[in-house]
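Q: Build me a structure from this.
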Amino acid sequence: EARAARKVLVYILDTSLRLLHPYMPYVTEQLWHHIPRSAAKDHTAHALMLANWPQMNDESPLVTDSDAIALFECFQALVRSIRNARAEYNVDLGKKISATVVAGSEILPALEKEAKSLVALARLDPEQVSFCVADSEEAIAAASQESVKLVVQDGVEVYLPISALIDPEKERQRLGKQKGKLEKEIEKLSARLQSKGFTDKAPPAVVDKARNELEELQNQLENVNSGLEALN
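A: Okay, here's the model as predicted:
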């Protein structure tokens, strides 16, 4: 009984430290190394930061919300796109800029709820951040102005003011590089889909995924071309 009790206590402490690690990385890492554990059970037993995340009953995967994950990844990509643009054009770290987020009606409300987080993480001016549905009058107006167009993902775009942010020539070069990258990816994926060795042997789900990726890349290229035309 004493041995079983110790096993339970070790299991609880081990699981608790794994769950706490993202919030208290250094302390939990140190404490975790003092817990007796089997290396065979966890292949990454030499570092808590690489250890497996606790699962239900150690077997069944945790319940996840695919929609929530997709939304978070979209928001993450949105912040990353704006911050990358700021870094690329050497915008002063303390300078707050305006932005117009354009997205589909399905995802836009969820992104609007994260407006405060977006302002803080992307260093935006809270008084000059707007959200609008794609193809709306506001979206068309934002696209018609001189701005930096960021394609976050299929159906989600951001427009940043070009005045006092960059010069038009640099923006053309940036979009030109993005266009070249997309064209290479499209060419590679198209060749893969045209290969009978792939379409005949690969599982249907894999083939469908590749076709969807190609369609998204083509949409992104179309948006990039529109951005280049707007600068001419």
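Q: Can you point out the buried residues in the longest strand along the chain?
A: Ranked by residue count and defined by DSSP state E, the top strand of the chain is strand 124-133. With burial defined by 16 or more other Cβ atoms under 10 Å, the residues of strand 124-133 counted as buried are 124, 129, 131-132. All C-beta atoms are positioned from the backbone trio N, CA, C, and that covers glycine.
Q: and if you look at stretch 195-214?
A: In stretch 195-214, residues buried by neighbour count (16+ other Cβ under 10 Å) are 202, 207, 210, 213-214.
Q: Tell me the one of the residues you listed nearest Ser105?
A: Proximity of the buried residues of stretch 195-214 to Ser105, judged by Cβ to Cβ, is greatest for Glu213, which lies at 23.7 Å.
Q: May I ask you to confirm that that closest one belongs to a helix?
A: Yes: counting by DSSP: H, G, I helix; E, B strand; the rest coil, one finds Glu213 located in a helix.
Q: Run a quick neighbour tally on the nearest residue to it once chain neighbours are set aside.
A: Leaving out its chain neighbours, the residue that sits closest to Glu213 by Cβ to Cβ, 6 or more residues apart in numbering is Leu189, at 6.3 Å. The number of residues packed near Leu189 is 17, by other Cβ atoms under 10 Å.
Q: Just to check, Leu189 is in contact with Ala210?
A: Yes: counting by Cβ atoms under 8 Å, a contact exists between Leu189 and Ala210, whose distance comes to 6.2 Å.
Q: So Ile140 versus Leu111, what's the distance?
A: Look at Ile140 and Leu111: by Cβ to Cβ, to the nearest Å, they are 19 Å apart.
Q: Looking at the two, which is more packed in?
A: Looking at Ile140 and Leu111 with other Cβ under 10 Å, you find the greater number of neighbours at Leu111, namely 18 against 12.
Q: so who does that one touch?
A: With contacts taken as Cβ atoms under 8 Å, 6 or more residues apart in numbering, Leu111 has the following neighbours: 71, 74-75, 78, 101, 103, 118, 131, 156.
Q: can you do 6 Å?
A: Neighbour list for Leu111: Ala103 [criterion: Cβ atoms under 6 Å, 6 or more residues apart in numbering].
Q: For it, pull up the helix or strand it's in.
A: For Leu111, the element it lies in under DSSP states H and E is helix 108-113.
Q: right, and the helix or strand after that helix?
A: With elements assigned by DSSP H and E, the helix or strand that comes after helix 108-113 is helix 115-122.
Q: tell me what that following helix is packed against?
A: Judged by 3 or more Cβ pairs under 6 Å, 6 or more residues apart in numbering; DSSP states H and E, the packing partners of helix 115-122 are helix 66-88.
Q: So which residues make contact with the helix it packs on?
A: Taking contacts as Cβ under 6 Å, 6+ apart, the residues outside helix 66-88 that touch it are 110, 114, 121-122, 148, 150, 152-153.
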